[in-house]
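Chemist: sequence and predicted structure, then a few things I'm wondering about:
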Amino acid sequence: PRRLYEEVYITIHPGTLSRDGTWATRLISTCDHCGLCKEVCPQHIDFSQFLLDSMRAMQKKGAMPWPFHDFWLRDMAYASGKAGLTRKPENVKQSSYAFFPGCQLAGSDPRYVTRTYEWLRSKKPDAAIWMTCCGAPAEWAGEVDIHAAHLEEMRRQWRELGEPTVVLACPNCRKMFEEYLPELPVVFLAEVMEEWGVEKDAALEPDNAEKGEMEAGSAQQAQSYALFDPCASRYYPELQESVRHLADAAGITWENLPYDGKKARCCGYGGHIGIASPSHTSYMTTSRAKEEELPYVTYCVNCRESFAGQGKEAVHILDLLFGLNGAGRPAATVTERWHNRLAAKRELLKTYWNETIEEETHMKLEVEKELERKLSASQILIEDMEQVIEHCEREDRGIIDPETGHRIGHLKIQHMTYWAEYEVLPDGGYKLWNGYSHRMNLEGE
């Protein structure tokens with residue numbers, strides 16, 4: 001700890017020991033903010049808070065590399081903007097409860113949100129839906145002003161809903177609410193599900209398209225799982241207990257992992273450290289995945305997605321309760337997450353408010369799944385590639401590779417410059433062969 005402190009100190013205060021102020025910028029951005037260090041330290045040294053304060057200090061003086069968190073701030077803006085939804089049921093002036101799924105639950109599978117809200121409305125007909133981000137990306141990025149503005153908007157939306165009790169699906173969202181929005185009453189989704197029951201009543205019967213997937217999910221219930229506690233759940237033993245009761249109610253057999261309860265460890269998602277230190281993120285996730293050969297069942301969608309991204313079989317507790325997905329489902333790409341969130345919003349508006357939103361239009365672009373996953377690992381959206389191609393074709397910019405005949409062009413989108421290697425197809429569409437990004441500015445004529 002002493003050495004870490006010194007390295008961070010000489011980074012925040014450049015000139016000390018003849019350093020240039022970049023000594024530990026990557027180190028500062030490699031904390032997942034899980035809080036385990038304080039939990040296990042006999043002196044309760046809280047490096048998570050120390051490194052978060054250091055991040056804020058570096059951001060304030062403009063010394064932190066912006067690419068470390070740029071995509072996640074962009075993702076937060078999308079989740080709370082275009083994909084956001086804050087609504088009470090019709091003819092309800094004040095909702096007693098509001099379902100707050102967090103920004104990533106629908107991204108993994110829209111039904112995680114739509115089916116849960118359907119269940120909640122069957123228990124509390126006046127329940128509202130509140131789809132936005134809790135603000136964690138801005139906090140992890142040290143962006144104090146963005147975070148403060150987002151929190152104020154959240155307070156406004158909560159008052160608009162009638163100051164309901166907020167039903168939270170994500171343990172880290174609870175952590176954010178308690179620290180920054182303590183005036184909002186909150187409860188975990190798992191707790192109310194345990195209390196109110198998740199019986200398969202008529203309101204939750206699947207349509208024909210879902211029956212096959214439910215049968216696959218039912219087959220998964222016959223096998224054993226290891227129960228993975230998300231790192232933020234260590235502060236909420238009542239949540240950990242409720243999830244175990246729900247797992248029993250789902251009819252599965254399960255066992256605890258070596259690190260559970262108060263010593264629950266991060267899956268690698270926390271802090272959005274994947275750009276600053278991708279090798280460390282991969283190490284964390286694969287290390288957690290190897291703790292038990294059994295498939296994992298967890299109640300944090302980011303944990304499920306992180307494990308699935310490393311080839312580890314994993315389900316969310318909602319998969320078992322609603323009979324949705326099996327343990328072998330691949331992780332959603334960043335593009336799929338954006339589309340899934342909008343799909344959830346579209347279905348909710350149509351089902352409960354008889355409203356439609358215009359379908360997004362996209363160019364005819366062929367992208368192999370392997371390439372989409374490669375782009376996703378670098379936080380590149382297919383829409384980014386579409387913008388590059390559209391710009392290059394409209395402006396007749398870019399070069400032709402003499403060996404392949406592929407076109408290669410670039411476009412700066414917000415802060416980042418994106419490159420696309422693509423082919424123009426005879427039918428007027430395009431095929432993407434490669435894509436990447438750089439934090440550079442290219443000055444033309």
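Modeler: Happy to help now that I have it.
Chemist: biggest helix in the chain, by residue count?
Modeler: helix 334-353 (DSSP state H).
Chemist: need the next SSE after that helix, C-terminal direction.
Modeler: Using DSSP states H and E, the helix or strand that follows helix 334-353 in sequence is strand 365-366.
Chemist: what's that next one packed up against?
Modeler: If you count contacts as 3 or more Cβ pairs under 8 Å, 6 or more residues apart in numbering; DSSP states H and E, strand 365-366 packs onto helix 382-395, strand 430-438. Bear in mind the C-beta positions are built from the backbone N, C-alpha and C, glycine included.
Chemist: mean confidence for the first one?
Modeler: Mean per-residue pLDDT for helix 382-395: 96.
Chemist: identify each buried residue in it, please.
Modeler: 382-389, 391-393 (16 or more other Cβ atoms under 10 Å).
Chemist: try the last one
Modeler: The neighbour-count check on strand 430-438 (16+ other Cβ under 10 Å) flags 430-433, 435, 437 as buried.
Chemist: that strand to helix 382-395, inter-axis angle?
Modeler: Strand 430-438 and helix 382-395 are oriented at 110 degrees to each other (axes from the mean of the first three to the mean of the last three Cα atoms, to 10 degrees).
Chemist: direction included, what does strand 430-438 pair up with?
Modeler: Applying DSSP bridges, strand 430-438 is found paired with strand 365-366 (parallel), strand 416-424 (antiparallel).
Chemist: can you list contacts of that strand?
Modeler: Applying Cβ atoms under 8 Å, 6 or more residues apart in numbering, the contact partners of strand 430-438 are 363-367, 371, 375, 378, 380, 382, 384-385, 388-389, 404, 406, 416-425.
Chemist: my guess is Arg373 contacts Val334, does it?
Modeler: No. Here Arg373 does not reach Val334: they are 9.8 Å apart, not a contact under Cβ atoms under 8 Å.
Chemist: neighbour count winner among these two?
Modeler: More neighbours surround Val334 than the other of Arg373 and Val334, with 22 against 16 (other Cβ atoms under 10 Å).
Chemist: quick one: residues contacting the most centrally placed residue in the chain.
Modeler: In the chain, the residue lying closest to the centroid (Cα atoms, centre = their mean) is Gln104, at 3.8 Å. Gln104 makes contact with 170, 301-302, 305, 337, according to Cβ under 8 Å, 6+ apart.
Chemist: now do stretch 361-371: distance to the chain's middle.
Modeler: Put simply, stretch 361-371 sits 22 Å off its chain's centre (Cα atoms, centre = their mean, to the nearest Å).
Chemist: alpha carbons of it, as PDB, please.
Modeler: Output in PDB follows, covering the C-alpha atoms of stretch 361-371 (Å, rounded to 0.1, in the frame of the first residue of the first chain):
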ATOM      1  CA  THR A 361     -32.700   2.400 -40.200                       C
ATOM      2  CA  HIS A 362     -29.300   0.900 -41.000                       C
ATOM      3  CA  MET A 363     -27.300   0.400 -44.200                       C
ATOM      4  CA  LYS A 364     -27.000  -3.000 -45.700                       C
ATOM      5  CA  LEU A 365     -23.800  -4.100 -44.100                       C
ATOM      6  CA  GLU A 366     -22.500  -7.600 -43.700                       C
ATOM      7  CA  VAL A 367     -20.500  -8.200 -40.600                       C
ATOM      8  CA  GLU A 368     -19.300 -11.700 -39.500                       C
ATOM      9  CA  LYS A 369     -19.900 -12.500 -35.900                       C
ATOM     10  CA  GLU A 370     -16.300 -13.000 -35.100                       C
ATOM     11  CA  LEU A 371     -15.500  -9.500 -36.300                       C
END
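Chemist: show me what that stretch is in contact with.
Modeler: Against stretch 361-371 from outside (Cβ under 8 Å, 6+ apart): 382-383, 385-386, 389-390, 422, 425, 427-435.
Chemist: again, only using 7 Å
Modeler: Stretch 361-371 has contacts (Cβ atoms under 7 Å, 6 or more residues apart in numbering) with 382, 386, 389-390, 428-432.
Chemist: what residues sit buried inside that stretch?
Modeler: Within stretch 361-371, the residues that qualify as buried by neighbour count (16+ other Cβ under 10 Å) are 365, 367, 371.
Chemist: what stretches of the stretch 201-350 of the chain score poorly on pLDDT?
Modeler: 201-222 (pLDDT under 70).
Chemist: in space, what's closest to Pro330 - neighbours in sequence excluded?
Modeler: Ala308 (5.9 Å; Cβ to Cβ, 6 or more residues apart in numbering).
Chemist: am I right that that neighbour sits in a helix?
Modeler: Yes. Inclusion of Ala308 in a helix is indicated when DSSP: H, G, I helix; E, B strand; the rest coil is applied.
Chemist: mind jotting down where the strands sit in the stretch 51-200 of the chain?
Modeler: Per DSSP state E, counting those that start in this stretch, the stretch 51-200 of the chain carries strands over the ranges 85-87, 97-100, 128-131, 165-168, 186-188.
Chemist: to Trp72, which of these lies closest?
Modeler: Nearest to Trp72, of all these, is strand 128-131, at 17.4 Å by Cβ to Cβ.
Chemist: follow-up on the earlier one: and among the strands paired with strand 430-438, the most buried is which?
Modeler: When those are scored by mean count of other Cβ atoms under 10 Å, the highest mean neighbour count falls to strand 416-424 (a mean of 20).
Chemist: contact partners of that one?
Modeler: For strand 416-424, contacts defined as Cβ under 7 Å, 6+ apart pick out 70, 380, 384-385, 388-389, 406-411, 430-442.
Chemist: low-confidence stretches in the stretch 51-200 of the chain?
Modeler: Those would be 200, if you go by pLDDT under 70 across the stretch 51-200 of the chain.
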